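A.B. asks: the sequence and its predicted three-dimensional model are supplied below.
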Amino acid sequence: MSTQLILFFILAVIAILSAIGMLVSKNSVYSAMFLVLNFVTIAVLFLLLNAPFIAMVQVTIYAGAIMVLFLFVIMLLGTDMAAEGISMPWQPPIAILLSGALILEFAFILFFAQQDVLPQIEAISAAFGSPQSIGKLLFNFYLLPFEVTSVLLLVAMVGAIILAQRETG
Amino acid sequence: MDPALLVEWLVKSGVIIFLILTGFAYLTLFERRVLARIQVRIGPNRAGPLGLLQPLADGIKLLFKEEVIPDKADKVIFILAPVLTVIPAFVLLAVIPLGPEISILGRSYSLSLAGDVNVGVLYLLAVASISVYGIVLAGWSSNNKYALLGGLRSAAQMISYELVLGLAFIGPILLANSMSLKDIIQAQSRVWFIVLQPIGFLLFLVASIAEVNRAPFDMPEAEQELTAGYHVEYSGMKFALFFMAEYGKMIVVSFITASLFLGGYLGPFVDKLPLLGPIYLLVKVTLILFFMIWVRATWPRIRYDRLMALGWKVLLPIGLLNIIITAILVILVGGY
């Protein structure tokens, strides 16, 4: 087995375990920390795939910024312990149904429809995941989605500012 | 895998850990002596000549202190938090070149652990963004309201100033046309980026002091209002780990500042004598560290709401403006 394969299996096990840990933790701070671990593991997987830019952005944005905000809110609201007594009887069946559908879809694409779904891609160069090539792709080929996303984020930001604004008068 | 390469990595990692650990120990002494001088005192000078054994004495004392874990604390996270705080300080230095390439016995070695990483600057940002967890978790797991307030303050502060830090990174990246720290340093061979990016340098300096929670931005541990903030419940070696992280980050931030704006290891005669590189870098780092201590000794802590207002309403717009101006100038005049 090559070093890459061994690394992949170790990372995969950590990723799956941390995902399970996130789901079953009673304490939401633990859940958040398991999710951070999961994000970092995924970032290392990106590194293995020769995509250092995505890996670093994954850590900075997901593990760094977003999860810190989550943790901040959890601590500020004091909701660290899962509220006992509140049960959602409708939740488990729907979750099982939806995740079952997802797995079926996944298996179908993997085993039967792989050729139709994946476009025939050429061998990618080593510079594929470099900041330069991603920047070029974003600002040329994907310019419109990029700009639409930025407008969306701007709208969300303005909305947050208006919601947090203190009432005057 | 090449065994020689493995040995090289191990040696370099050892050097980095040694650098941060001794740097931490002697930075505490340096800070106390400089602070004392500024406040017209003498400072610690009893343990060994000039007080040089003082860090050792402090370390031994802390090792033999009783470790107290509060009864209502979350034990796992309480123990994990100091470790999580220290690790970023150690791994940050991996991408910073400490000197030009050196050839020994026919093999050339680059003087950084990771070699030439093309996302080096992003790596710094990524690790810096992780480093807030240790402090937040320490504050939360202590089950103490002062500690929790300190942890929350630091989370808010570090997220806010990380943005400014990231914006300040962009100036040198634009000028050097690369995210690799080696290229950024090489691009400063004619003129240091502090000359071309004076606003960026100031932004970076302010944001980095806030990022390592130093005075005048040491909100998370404001003694007078929060007793000591996030580490109020910690004792013994765990307490020392928080200090190790703070001083380790000070050292690393100084290395980053020196590399991005002060020409890194560059200096006269470095191309002829490559071993001069690390010496120049250490001199620059020491000067920046002295500046940080000087700031601590002379500036009062700013109020918490002012701190956030400064970050979001003053530094962030200036940072954005700086990027626009730099980008236009790079297109008009051309980068390096």
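C.D. replies: Thanks, I have it. Numbering: from 1, shown residues only, chains lettered A, B, ... in the order given.
A.B. asks: checking the closest residue to chain A within chain B next. Helix, strand or coil?
C.D. replies: Nearest to chain A, among the residues of chain B, is residue B:129, at 2.5 Å (Cβ to the nearest Cβ). C-betas here are computed from N, CA, C, even on glycine. Recorded secondary structure, residue B:129: helix (DSSP: H, G, I helix; E, B strand; the rest coil).
A.B. asks: next: the one 10 residues further on.
C.D. replies: Secondary structure of residue B:139, reduced to three states by three-state DSSP: helix.
A.B. asks: just give me the neighbour total for the residue of chain B closest to chain A.
C.D. replies: Residue B:129: 26 surrounding residues under other Cβ atoms under 10 Å in any protein chain shown.
A.B. asks: tell me the pLDDT of it.
C.D. replies: pLDDT for residue B:129: 83.
A.B. asks: does it touch residue A:58 like I think?
C.D. replies: No. Contact criterion Cβ atoms under 8 Å: residue B:129 and residue A:58 do not qualify, at 11.0 Å.
A.B. asks: find me the pLDDT at residue 126, would you?
C.D. replies: Went with chain A since none was named. Per-residue confidence (pLDDT) for residue A:126: 65.
A.B. asks: wait, chain B was what I had in mind.
C.D. replies: pLDDT, read off for residue B:126, is 87.
A.B. asks: what's the helix or strand for it?
C.D. replies: Following DSSP states H and E, one finds residue B:126 within helix B:120-130.
A.B. asks: swap in residue B:65?
C.D. replies: Taking DSSP H and E as the definition, one finds residue B:65 inside no helix or strand.
A.B. asks: pretty sure it is touching residue B:238, no?
C.D. replies: No. Contact criterion Cβ under 8 Å: residue B:65 and residue B:238 do not qualify, at 9.7 Å.
A.B. asks: the more surrounded of those two?
C.D. replies: Neighbours per residue (other Cβ under 10 Å) separate residue B:65 from residue B:238, with residue B:238 holding more: 22 against 13.
A.B. asks: for the residue nearest to the more buried one when sequence neighbours are not counted, phi and psi?
C.D. replies: Leaving aside its sequence neighbours, residue B:238 sits nearest to residue B:82 (Cβ to Cβ, 6 or more residues apart in numbering or on different chains; 4.6 Å). With angles defined as degrees, to the nearest 10, residue B:82 shows backbone torsions of phi -60, psi -40.
A.B. asks: contacts only, for residue B:82.
C.D. replies: Residue B:82 sits next to B:134, B:138, B:234, B:238, B:239, B:241, B:242, B:245 when contact means Cβ atoms under 8 Å, 6 or more residues apart in numbering or on different chains.
A.B. asks: report pLDDT for the second one.
C.D. replies: According to the model's per-residue confidence, residue B:138 sits at a pLDDT of 84.
A.B. asks: look up how far residue B:81 lies from it.
C.D. replies: Distance, residue B:138 to residue B:81, by Cβ to Cβ, to the nearest Å: 4 Å.
A.B. asks: these two - which one has more neighbours?
C.D. replies: Taking neighbours as other Cβ under 10 Å, residue B:138 and residue B:81 compare with residue B:138 leading, 31 against 28.
A.B. asks: ok, residue A:67 touching residue A:38?
C.D. replies: No. When contacts are counted by Cβ under 8 Å, residue A:67 is not listed as touching residue A:38 (9.9 Å).
A.B. asks: neighbours around the residue of chain A found nearest chain B, how many?
C.D. replies: Of all residues in chain A, residue A:64 sits closest to chain B, at 2.5 Å by Cβ to the nearest Cβ. Neighbour count for residue A:64, taken as other Cβ under 10 Å: 27.
A.B. asks: ok, it - contacts?
C.D. replies: Applying Cβ under 8 Å, 6+ apart, we find residue A:64 in contact with B:125, B:126, B:128, B:129, B:130, B:132, B:162.
A.B. asks: how about 6 Å then?
C.D. replies: Contact partners of residue A:64, counting by Cβ atoms under 6 Å, 6 or more residues apart in numbering or on different chains, are B:129, B:130.
A.B. asks: touching chain B at all, the helix or strand harbouring residue A:145?
C.D. replies: Assigned by DSSP H and E, residue A:145 belongs to helix A:143-164. No. Helix A:143-164 does not reach chain B (Cβ under 6 Å from any Cβ of the partner chain); its nearest approach is 10.8 Å.
A.B. asks: which outside residues touch that helix?
C.D. replies: Contacting residues not belonging to helix A:143-164 are listed as residue A:138 [Cβ under 6 Å, 6+ apart].
A.B. asks: in that helix, which residues are buried?
C.D. replies: Buried residues in helix A:143-164, defined by neighbour count with 16 or more other Cβ atoms under 10 Å in any protein chain shown: none.
A.B. asks: what of stretch B:7-21?
C.D. replies: Buried residues in stretch B:7-21, defined by neighbour count with 16+ other Cβ under 10 Å: B:8, B:12, B:16, B:19, B:20.
A.B. asks: neighbours of residue A:134, just the number please.
C.D. replies: Residue A:134 has 17 neighbours, counted by other Cβ under 10 Å.
A.B. asks: low pLDDT regions in the stretch 151-300 of chain B?
C.D. replies: Scanning the stretch 151-300 of chain B for pLDDT under 70 picks out the ranges B:219-227.
A.B. asks: can you map out the helices along it?
C.D. replies: Using DSSP state H, counting those that start in this stretch, the helices of the stretch 151-300 of chain B run over B:181-186, B:193-196, B:198-211, B:223-226, B:236-261, B:276-298.
A.B. asks: show me what the fifth one is packed up against.
C.D. replies: To tie it back to what came earlier, the one meant is helix B:236-261. helix B:3-38, helix B:54-63, helix B:75-91, helix B:276-298 (3 or more Cβ pairs under 6 Å, 6 or more residues apart in numbering or on different chains; DSSP states H and E).
A.B. asks: for burial, what's the neighbour tally of residue B:294?
C.D. replies: 13.
A.B. asks: also residue B:258?
C.D. replies: Neighbour count of residue B:258, defined by other Cβ under 10 Å: 25.
A.B. asks: pretty sure it sits against residue B:284.
C.D. replies: Yes. With contact defined as Cβ atoms under 6 Å, residue B:258 counts as touching residue B:284 (4.1 Å).
A.B. asks: kindly report the residues of chain A close to chain B.
C.D. replies: In this structure, chain A approaches chain B at residues A:52, A:53, A:56, A:59, A:60, A:64, A:68, A:71, A:72, A:75, A:130, A:131, judged by Cβ under 6 Å from any Cβ.
A.B. asks: run the last query once more with 8 Å
C.D. replies: By the rule Cβ under 8 Å from any Cβ of the partner chain, the part of chain A lying against chain B is A:3, A:27, A:29-30, A:33, A:36, A:40, A:43, A:52-53, A:55-57, A:59-60, A:63-65, A:68-69, A:71-72, A:75-76, A:80, A:130-131.
A.B. asks: just the buried residues of these.
C.D. replies: Applying 16+ other Cβ under 10 Å to the residues of chain A next to chain B, the neighbour count classes A:29-30, A:33, A:36, A:40, A:43, A:52-53, A:55-57, A:59-60, A:63-65, A:68, A:71-72, A:75, A:80, A:130-131 as buried.
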